[in-house]
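Novice: Next come a sequence and a model predicted from it.
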Amino acid sequence: MSIPFQFFNQLFDEYQKLNPSVNKIHQLFKNVGEEIINDHIAFRTLNFPEINIDKIAQPFIENGYKEKGNYRFKEKKLTAKHYEIPNNPSMPKIFISQLMTYELSETAQRLISSLYSDIQSNLNKASNLLFEGNFWGTPDYHIYERLLEDSEYAAWFYVFGFRANHFTVNVNYLENFDSLEAVNEFLKENDFKLNTSGGEIKGTPQQYLEQSSTLADIIPVRFSDKAHHIPACYYEFARRYPQSNGELFNGFITSSADKIFESTDYREPQ
Ligand code: NI
């Protein structure tokens, strides 16, 4: 059994509708004759039992995905797992993280708990959580700002909710780019801004994984008072290396992913 392609297409569609850069980047690669294979797709959630990582993973598990890696991001108060379809490297891996809400300040915990109780009774009506976006309705800018003080991740999730946080181009499959440096140069020549936290390239060939990402698009979002410009989603690029057993490394490097999360950090619109 395999997950219907339609499912990934629909996720990608929602992702590109929200983020103008995504389509532009896709077009750039297409124009030089590349066909894009996704390395992984990432989702964010909260640690509550009805929406936690295991719940988000369910549709993937039902379609042949297996849990492979377990990660902890202490400073960002997150845990994460990754999933893959065994022996099928061209299928995207799934990376799901969750905020450990009990590690937040009491105020942030109270705000998040009240949002969660608002949606709890509607959760069983959601046919697929991954397409629900922001369940709790039009966000309030004061709540967004207050959550930002505690956790960029919490604030992002409050506004954007359940959706693909990013797709990742698998650089190994690109024909005209033999390094991640070359991909980054290509993006910069075309005026895309890269996340430079921890350097443009996170990870090394010795860690078997190099990653880079664009900074999230700043988009207008309707809040209860008016539209505000805030960061939405980003695009990631990953190059994997063979391990000593000759097999490509399929996991994630915590110290690198930690910096990649910062691609959605709040910044002033320019
Ligand atoms: Ni990623």
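Specialist: Looks like it came in fine. Predicted, not measured: the structure shown is a model, and the values here were computed from it.
Novice: Can you get me a residue count around residue 223?
Specialist: Other residues lying near residue 223 total 17 when counted by other C-beta atoms under 10 Å. Placement of C-beta: from N, CA and C, glycine included.
Novice: Now it: closest residue in space that isn't a chain neighbour?
Specialist: Among residues not flanking residue 223 along the chain, residue 141 sits closest, at 4.3 Å (C-beta to C-beta, 6 or more residues apart in numbering).
Novice: can I assume that neighbour is in contact with residue 228?
Specialist: Yes. Counting by C-beta atoms under 8 Å, residue 141 does reach residue 228; the two are 5.8 Å apart.
Novice: who are the neighbours in contact with the residue of the stretch 51-200 of the chain found nearest the ion?
Specialist: The nearest approach of the stretch 51-200 of the chain to the ion comes at residue 168, 5.1 Å away (C-beta to the ion). By C-beta atoms under 8 Å, 6 or more residues apart in numbering, the contact list for residue 168 reads 38, 39, 40, 41, 42, 92, 211, 235, 236, 237, 238.
Novice: Run through those and flag the ones next to the ion.
Specialist: Taking C-beta under 5 Å from the ion, the overlap between the contacts of residue 168 and the neighbourhood of the ion is 42, 236.
Novice: which SS state does the spatially closest residue to residue 231 that is not a sequence neighbour fall under?
Specialist: Once flanking residues are discounted, residue 231 sits nearest to residue 216: 3.8 Å by C-beta to C-beta, 6+ apart. Three-state assignment for residue 216 (DSSP: H, G, I helix; E, B strand; the rest coil): coil.
Novice: show me what contacts the residue in the stretch 101-250 of the chain that the ion sits nearest to?
Specialist: Proximity of the stretch 101-250 of the chain to the ion (C-beta to the ion) peaks at residue 236, 4.6 Å away. Applying C-beta under 8 Å, 6+ apart, we find residue 236 in contact with 39-40, 42, 166-169, 211-214, 260, 263.
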